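Peer 1: predicted model and sequence follow; I will ask about them next.
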Amino acid sequence: MTVTLGMGLGLLGAAIAFSLSATGAGIAMGMAGQAAAGVLKEDPRKFGQTLVLQAIGTTGGIYGLLMAFLIMQKSLTLGDNLSAGIWLLAAGIPMGIVGLFASIAQGRALVAGIILIGKRPSELAKALIYAAMIETLSVFALLISFLMYNSI
């Protein structure tokens, strides 16, 4: 298979969508994991609640992975279509950039939620809601990237 410039640009868009959003998700999960370890030191019975909150940090990376798969699939069938490659590159940017920064912000909310349930375990639902509010930004980025992808 000969890699064309359009194909390469599309693959770059896939790399941006995944690598930036996965980096943000990794940072969020790391922050939440550190906070969870502190809570578990005091009360190991709160493992399930802290794990639920830490797992929420993965979602931005999952959205980026989904967008990367879609972009890669279309990129590999472009042939010599440079303009489509540019559009696929552009389609990966919203998911990557918003995924990175929204995930980091979500990580901060997750840390606060884990600290909250360390003191008041009955407040897990409230901690989830705060994290979910930030999640909507990643969902919006996925939607914009997907609409851009579908316009090609």
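Peer 2: That came through, no problem.
Peer 1: let me know the pLDDT of the most centrally placed residue in the chain.
Peer 2: Among the residues of the chain, the one closest to the centroid is residue 60, at 1.4 Å (C-alpha atoms, centre = their mean). Listed pLDDT for residue 60 reads 96.
Peer 1: my read: it touches residue 138, true?
Peer 2: Yes. Between residue 60 and residue 138 there is a contact under C-beta atoms under 8 Å: 4.7 Å. (Each C-beta comes from the backbone N, C-alpha and C, glycine too.)
Peer 1: pull up the overlap in contacts between those two.
Peer 2: Shared contacts of residue 60 and residue 138, defined by C-beta atoms under 8 Å, 6 or more residues apart in numbering, are found at 21, 99, 102, 103, 106.
Peer 1: so the last one versus residue 90, what's the distance?
Peer 2: The reference is to residue 106. Counting by C-beta to C-beta, to the nearest Å, the separation of residue 106 from residue 90 is 25 Å.
Peer 1: which one's more surrounded, the two?
Peer 2: residue 106 (30 against 17; other C-beta atoms under 10 Å).
Peer 1: not counting sequence-adjacent ones, nearest residue to the more buried one?
Peer 2: Residue nearest to residue 106 in three dimensions, not counting chain neighbours: residue 134, with 4.2 Å by C-beta to C-beta, 6 or more residues apart in numbering.
Peer 1: what sits against the one you found?
Peer 2: Taking C-beta under 8 Å, 6+ apart, we find residue 134 in contact with 102, 105, 106, 109.
Peer 1: how near is it to residue 37?
Peer 2: 22 Å.
Peer 1: just residue 18 next, same as before
Peer 2: As judged by C-beta to C-beta, residue 18 and residue 37 stand 28 Å apart.
Peer 1: residue 99 now?
Peer 2: 25 Å.
Peer 1: which one's more surrounded, these two?
Peer 2: residue 99 (33 against 11).
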